[in-house]
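J.: return a 3D structure for these sequence lines:
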Amino acid sequence: MACGAAVIGANTTSLPEVVGLDEAMFDPLSVPDITAKMSQVLGDDVFRAKLREHGLKQAKKFSWDESAMRAIAAFEQCVVVQSLKPC
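T.: Residues are numbered from 1 along each chain as shown. I've put the predicted structure just below:
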């Protein structure tokens, strides 16, 4: 997404949050659904352009710096909680 590629994904696990566009999702257990979504992205120039534009914006919501800061905050919270427990 960050490179401007049109991205589609399964509508399960964390992929809907990452992709962030219902129209780009498909049922991973349905071959016809996957086939239809792949055909749509390959054959519909307007849809493909929408995916690319959305992907560039969506990718900016995710960064290694932000992930690291969240992880550090969680670790620090664990340390604070552990230090409050009696020995």
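J.: list the contacts for residue 41?
T.: 6, 8, 47, 48, 51 (Cβ atoms under 8 Å, 6 or more residues apart in numbering). Every C-beta, even on glycine, is put in place using the N, C-alpha and C of the backbone.
J.: scratch that, residue 26
T.: Counting by Cβ under 8 Å, 6+ apart, residue 26 has contacts 8, 9, 10, 11, 33, 34, 36, 37.
J.: neighbours of the residue lying closest to residue 4 once chain neighbours are set aside, how many?
T.: In space, and not counting its chain neighbours, residue 4 is closest to residue 52: 5.2 Å by Cβ to Cβ, 6 or more residues apart in numbering. Residues lying near residue 52 (other Cβ atoms under 10 Å) number 15.
J.: so how far is residue 75 from residue 52?
T.: According to Cβ to Cβ, to the nearest Å, residue 52 and residue 75 sit 36 Å apart.
J.: how distant is stretch 45-59 from the center of its chain?
T.: Distance of stretch 45-59 from its chain centroid, counting by Cα atoms, centre = their mean, to the nearest Å, is 13 Å.
J.: for residue 75, helix, strand, or coil?
T.: helix (DSSP: H, G, I helix; E, B strand; the rest coil).
J.: what is the neighbour count of it?
T.: 10.
J.: quick one, what contacts it?
T.: Contacts of residue 75 by Cβ under 8 Å, 6+ apart: none found.
J.: from the contacts of residue 41, list the buried ones, please.
T.: 6, 8, 47, 51 (16 or more other Cβ atoms under 10 Å).
J.: give me phi/psi at the second one?
T.: By that I understand residue 8. Phi and psi for residue 8, reported as degrees, to the nearest 10, are phi -120, psi 160.
J.: distance of it relative to residue 1?
T.: 11 Å.
J.: tell me, what's touching the two both at once?
T.: residue 19.
J.: before we move on, back to that, in helices, which of the buried ones among the contacts of residue 41 appear?
T.: Taking DSSP state H, the ones among the buried ones among the contacts of residue 41 that sit in helices are 47, 51.
J.: residue 12 against residue 19, yeah?
T.: No: the criterion here is Cβ atoms under 8 Å, and residue 12 misses it with residue 19 at 11.4 Å.
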